[in-house]
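Visitor: Have a look; sequence and predicted model below, questions after that.
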Amino acid sequence: MRKSRFTESQIVAAIKQHESGRKADDICREYGISKNTFYLWRKKYSGMDSLQLKRLKELEEENRKLKQMFADVSLDNKMLKDVLSKKW
């Protein structure tokens, strides 16, 4: 996945500007983004403050680690089953 050139705090600031009454067209022009990108940001980050954003990032990282752990254990389990199923 491509890394955004905007930080989460910049994204939240853009959304807060929109919530305070600024037009989405003006914000998109200022940041150099498409309307589609802006509305995706708004869908993901709307209503968040910095603490909630930090917690979201922590949970996403924890989720990534748990998925990796599950994949490793599943692979080990499959290898053990394969070894046990062979007839010597």
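Guide: Nice, I can see it.
Visitor: Pick out the residue nearest the middle of the protein.
Guide: residue 60 (6.6 Å; CA atoms, centre = their mean).
Visitor: Surely residue 18 and residue 28 touch.
Guide: No. Assessed by CB atoms under 8 Å, residue 18 is found out of contact with residue 28, at 9.8 Å. All C-beta spots, glycine's among them, are computed from the backbone N, C-alpha and C.
Visitor: Between those two, which contacts overlap?
Guide: When contacts are counted by CB atoms under 8 Å, 6 or more residues apart in numbering, residue 18 and residue 28 are jointly contacted by residue 38.
Visitor: Can you tell me the element residue 15 falls in?
Guide: Assigned by DSSP states H and E, residue 15 belongs to helix 8-19.
Visitor: Ok, residue 44 next?
Guide: Applying DSSP H and E as the criterion places residue 44 in helix 35-45.
Visitor: pLDDT score assigned to residue 88?
Guide: You'll see residue 88 listed with a pLDDT of 63.
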